[in-house]
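K.L.:
compute the structure for the input listed below.
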Amino acid sequence: MLNQRLDKNHQQRVGEVYKKSHNVLFKFTDTISQISYNL
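P.N.:
The predicted structure follows:
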């Protein structure tokens, strides 16, 4: 029971980290495209 709960929490944390890194990557590529567009 406890093991399942820990696994669920771990999955949520991994999901949050994945979302954050995805957002950072998206902003990064967006900034790059804006810079190359301005060049």
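K.L.:
quick one: distance of the host helix or strand of Gln4 to the chain centre.
P.N.:
Remark: Gln4 resides in helix 2-38, with elements defined by DSSP states H and E. The chain centroid and the centroid of helix 2-38 are separated by 0 Å under C-alpha atoms, centre = their mean, to the nearest Å.
K.L.:
give the rounded mean pLDDT of it.
P.N.:
Helix 2-38 shows a mean pLDDT of 88.
K.L.:
helices and strands around it, which ones?
P.N.:
Identification of packing neighbours for helix 2-38 by 3 or more C-beta pairs under 8 Å, 6 or more residues apart in numbering; DSSP states H and E yields no helix or strand. Every residue, glycine included, has its C-beta placed from N, CA and C.
K.L.:
next, the buried residues of that helix.
P.N.:
Of all the residues in helix 2-38, not one is buried under the rule 16 or more other C-beta atoms under 10 Å.
K.L.:
please begin residue numbering at 35 from this point
P.N.:
Got it, first residue is 35 now, which makes that one helix 36-72.
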